[in-house]
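Student: Kindly return the folded structure for what I paste below:
(2 chains)
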Amino acid sequence: MSVSPLSPHAPATTDRGPAERLLRCWFPVLALIVPLFAVAIVSDLAGSVMIQRTVTEALIRIVVVVGIYVFVGNTGVISFGSVTFMAIAAYATGWQTCCEALKPITMPGLPEFLRDHSYSLFPAALAAVALAALAAFVTGLVLMRMSGLAASISTLAVLFIVNVVYSNWDSVTMGTASMVGLPRYVTLWVALGAAVLAIVVAWLYQSSRFGLAVRATRADEVAAAACGVSLYRARLLAFTLSGALMGLGGVLTAHFLGTVSINSFFLKLTFIALAMLVVGGMGSLAGAVAGVVVTSVVIDVFRRLESGFSIAGANWSLPAGTQELVLAGVMLLILIYRKDGLMGGREFHWPSNRGKIAGT
Amino acid sequence: MSNIVQILADAISLGSLYALVALAIGLVFGVMKLINFAQADYITIGAYALVVPSASVTPVLLLGALPVALMVPGVMLVVTLLALATERLAFRPMRNANPATLLISSFAVSYFLQHLVMMVHTGRPKSVGIGNSLAGAVEVLGVRLPGNQILTMAVAAVLLVALVFFLKKTPMGIQMRAAAENFQMARLMGVRANRVIAVAFVMSGIMAATVSLLLVIQTGTLDIRMGLMPVIFAFFATVIGGMGSLPGAALGGFIVGFISVLLQAFLPAELRAFRDAGVFLLVILILLVRPQGLIVDRAAKERV
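Tutor: Numbers count the residues shown, from 1 in each chain, chains lettered A, B, ... in the order given. Below is the predicted model of the structure:
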């Protein structure tokens, strides 16, 4: 009897066709992707432009939160610095693709190959993601040496260092001003493709031997080390992969909005992304995706309530800032009453398993 | 020479401010393994308690209008009650959670409080004139030092001595150190968990109130994020000092303060804007050499 290397949860039953086995292996991924496709199709056919924008935004958030999940969820170490890699990639793609005529004036400090040339979109995105992954790898080399909590705090240092540098390096980043005029190619379908890619990559990683090793360190550092898992290498790989996915999220954000500004990649985004992960449950990929969906709906509802609604002919609106208070409140309630989030650390499994899952 | 004395005075006063914040964080971390982001908002709210909520840039004074002998205890009372409320409502229900969960919950508490202040007082910075009489310079050792700097150093020195006395000589302080060493064992010996944790929060509240008053006297402004940077620097102070070690936290506070002032003084003018990045970079370099921190606390490492 062979258990597929792809899934730690493959059922220990025999006499099934290869097609069904494959379906079982990939069911947790399909259960996430298929509804996303459905939402995208419905909003493309029937939704207003506003709805389509909201859905696109949520799909980009899925890339970001899955990116954070790849590190935080698999290692159990909280990272406050992940959005840094979004900023790095967003600026990198901006430098390559933005406003060829204006660049020499607004950003004279860029090296010549960026200042005087523009590059096509896809290679630029790849280069930006690679740069984000490289930055994550280099910072990981230093940070992953520390114990969990100290590493969490130190990720804050990364966030602040990059923020200070990009806010003040006027000749290259235009300081705190926004870089405007990036090509806006991120449509609903591009965002959907990226979200699917992020989910598949995260799933392949977490069911690979490297992913299993790093999840073992989350469960028990000492026991994992005793089994020959190097805490340092396992976490470093997770951090690098997470950095690459964050970079993808940054590229998408930049080309969705058409502008890049360093202060949009700071504590607020860190909070929202972590809140989404906590609400869904940081122990599973399904939790990361569900958290984005649920939280996006909550945020959107309160955003509308803040901008005004009418009951019985009278106009009401919640005071500005309610949205943030509700989000923080929901996050705290989840942490108190349902510590493992809505999904409770589980993936969606093939419904007919009925407790016959291997290893449980 | 006088320049060096001035830099030294700057470094000591900034360092003692960070040391106070770091000790407040270290005290709470010791008893419940919580790294409290909300410390930043204790400081902010302490400062905002001085004024009446309004959208005005120069608001009417509330607690700030009282004479000093009432104002200082008043601010301390407000912040202490706030600290106790966050403990009771947010942190006590998840006391047995792991440190990563606690860290993230304090991040949420901080975000909540920050937006609450923003809702009540609006987000724009305000100016407050308390302690203007302290802005005048005083001559010490042939150098003219601003009065508020001397005040900061004096207050920090008094609080540090008082804290050491409390921890070493009073029954409550000894219980607190025992709880930090081994919480389970301390409880078995009759230390009351709720009380020890509440006292730690009261002390972190008192220190936050002190820091907020010192900050307001120094800068004369109120800002939603005024508590953030001191607390972030204090986090690093506790990490370089060695998590769980109180002397380490104080030492780390002074180190961070010194690095910050030295960079400000000796960086070339065009690089000065990058000072904070330099501080964080040096902190990371220290951690590269000593990932466990300068003073390694044996109780902090879980036994297997």
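Student: Tell me the helix or strand right after the longest helix seen in chain B.
Tutor: With secondary structure taken from DSSP state H, chain B has its longest helix at helix B:2-32. With elements assigned by DSSP states H and E, the helix or strand that comes after helix B:2-32 is helix B:39-48.
Student: what about that following helix, near chain A?
Tutor: No. Shown here: helix B:39-48 not in contact with chain A (C-beta under 8 Å from any C-beta of the partner chain), separated by at least 10.6 Å. Glycine gets a C-beta too; all of them are placed from N, C-alpha and C.
Student: What separation do you get for the most centrally placed residue in chain A and chain B?
Tutor: Centroid check for chain A by C-alpha atoms, centre = their mean gives residue A:64 as the closest residue, at 1.9 Å. Separation of residue A:64 from chain B (C-beta to the nearest C-beta, to the nearest Å): 17 Å.
Student: check contacts around the nearest residue to that residue once chain neighbours are set aside.
Tutor: Spatially, and ignoring its direct neighbours in sequence, residue A:64 is nearest to residue A:249 (3.8 Å; C-beta to C-beta, 6 or more residues apart in numbering or on different chains). Contact partners of residue A:249, counting by C-beta atoms under 8 Å, 6 or more residues apart in numbering or on different chains, are A:60, A:63-64, A:67, A:86, A:89, A:198.
Student: How about residue B:120?
Tutor: Counting by C-beta under 8 Å, 6+ apart, residue B:120 touches B:48, B:53.
Student: For it, give me the pLDDT.
Tutor: According to the prediction, residue B:120 has pLDDT 91.
Student: Can you name the residues of the stretch 101-250 of chain B that neighbour chain A?
Tutor: Neighbours of chain A within the stretch 101-250 of chain B, by C-beta under 8 Å from any C-beta: B:101, B:103-105, B:107-109, B:111-112, B:115-116, B:118-119, B:232, B:235-236, B:238-239, B:243.
Student: if we go to 6 Å?
Tutor: Residues of the stretch 101-250 of chain B lying close to chain A (C-beta under 6 Å from any C-beta of the partner chain) are B:103-105, B:108, B:111-112, B:115, B:118-119, B:235, B:239.
Student: Among these, which ones are in helices?
Tutor: Here DSSP H is the test, and those give B:103-105, B:108, B:111-112, B:115, B:118-119, B:235, B:239 as lying in helices.
Student: Which single one of the residues you listed is nearest to residue B:52?
Tutor: For those, the residue nearest residue B:52 by C-beta to C-beta is residue B:119; the value is 15.2 Å.
Student: can you count the residues close to the closest one?
Tutor: By the criterion of other C-beta atoms under 10 Å in any protein chain shown, residue B:119 has 16 neighbours.
Student: Quickly note the distance from residue B:167 to residue A:227.
Tutor: Going from residue B:167 to residue A:227 by C-beta to C-beta, to the nearest Å gives 41 Å.
Student: And the two? Which one has more around it.
Tutor: Taking neighbours as other C-beta under 10 Å, residue B:167 and residue A:227 compare with residue B:167 leading, 18 against 11.
Student: Show the pLDDT at that one.
Tutor: Residue B:167 is assigned a predicted lDDT (pLDDT) of 93.
Student: How about the secondary structure of the closest residue to it other than its chain neighbours?
Tutor: Nearest residue to residue B:167, sequence neighbours excluded (C-beta to C-beta, 6+ apart): residue B:173, at 4.0 Å. At residue B:173 the chain is in helix, as set by DSSP: H, G, I helix; E, B strand; the rest coil.
Student: Kindly report the same for residue A:175.
Tutor: Put simply, residue A:175 is coil when judged by three-state DSSP.
Student: ok, so what distance separates it from chain B?
Tutor: Residue A:175 sits 9 Å away from chain B, taking C-beta to the nearest C-beta as the criterion.
Student: Tell me how far that residue lies from residue A:262.
Tutor: Distance from residue A:175 to residue A:262, counting by C-beta to C-beta: 8 Å.
Student: Then residue A:39?
Tutor: For residue A:39 relative to residue A:262 (C-beta to C-beta), the value is 31 Å.
Student: Settle it for me: which of these two has more neighbours?
Tutor: Each of residue A:39 and residue A:262 has its neighbours counted (other C-beta under 10 Å); residue A:262 has more, 24 against 17.
Student: so the more buried one touches residue A:168, yeah?
Tutor: No. Between residue A:262 and residue A:168 there is no contact under C-beta atoms under 6 Å: 9.7 Å.
Student: Remind me which helix or strand residue A:274 belongs to.
Tutor: helix A:267-280.
Student: next helix or strand past that helix?
Tutor: On the C-terminal side of helix A:267-280, the nearest following helix or strand under DSSP H and E is helix A:285-307.
Student: Now do that following helix, average pLDDT.
Tutor: Average pLDDT, helix A:285-307: 92.
Student: Please apply the same query to stretch B:204-213.
Tutor: Stretch B:204-213 shows a mean pLDDT of 95.
Student: Not counting that stretch itself, show me its contacts.
Tutor: Contact with stretch B:204-213 is made by B:20-21, B:24, B:27-28, B:42-43, B:46-47, B:75-76, B:79-80, B:83, as judged by C-beta atoms under 6 Å, 6 or more residues apart in numbering or on different chains.
Student: for stretch A:117-136, same thing?
Tutor: For stretch A:117-136, the external contacting residues (C-beta under 6 Å, 6+ apart) are A:85, A:88-89, A:92-93, A:96-97, A:100, A:239-240, A:243-244, A:247-248, A:251.
Student: Does anything pack onto the helix or strand of chain B at the bottom of the mean pLDDT ranking? Which helices or strands?
Tutor: Ranked by mean pLDDT, DSSP states H and E, the weakest helix or strand in chain B is strand B:137-140, scoring a mean of 72. Secondary-structure packing of strand B:137-140 (3 or more C-beta pairs under 6 Å, 6 or more residues apart in numbering or on different chains; DSSP states H and E): strand B:143-146.
Student: could you redo the last one with a cut-off of 10 Å?
Tutor: If contacts are counted by 3 or more C-beta pairs under 10 Å, 6 or more residues apart in numbering or on different chains; DSSP states H and E, strand B:137-140 sits against strand B:143-146, helix B:147-169.
Student: For the shortest one, which strands pair with it and how are they oriented?
Tutor: This points to strand B:143-146. Sheet pairing here is set by DSSP bridges, and for strand B:143-146 it gives strand B:137-140 (antiparallel).
Student: CA atoms of the strand it pairs with as CSV?
Tutor: Taking Å, rounded to 0.1, in the frame of the first residue of the first chain, the C-alpha atoms of strand B:137-140 are listed here in CSV:
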residue,chain,number,x,y,z
ALA,B,137,18.7,75.5,30.9
VAL,B,138,20.6,74.7,34.1
GLU,B,139,24.4,74.9,34.2
VAL,B,140,26.1,71.7,35.4
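Student: now that strand, how far from the centre of its chain.
Tutor: 27 Å (C-alpha atoms, centre = their mean, to the nearest Å).
Student: Which residue is the nearest non-sequential neighbour of residue B:106?
Tutor: Once flanking residues are discounted, residue B:106 sits nearest to residue B:37: 4.3 Å by C-beta to C-beta, 6+ apart.
Student: contacting residues around the one you found?
Tutor: The contact partners of residue B:37, taken as C-beta atoms under 10 Å, 6 or more residues apart in numbering or on different chains, are A:80, A:156, B:25, B:103-111, B:113-114, B:227-228, B:231-232, B:235.
Student: Next: residue A:36.
Tutor: By C-beta under 10 Å, 6+ apart, the contact list for residue A:36 reads A:55, A:58-59, A:62, A:191-192, A:195-196, A:199, A:289, A:293.
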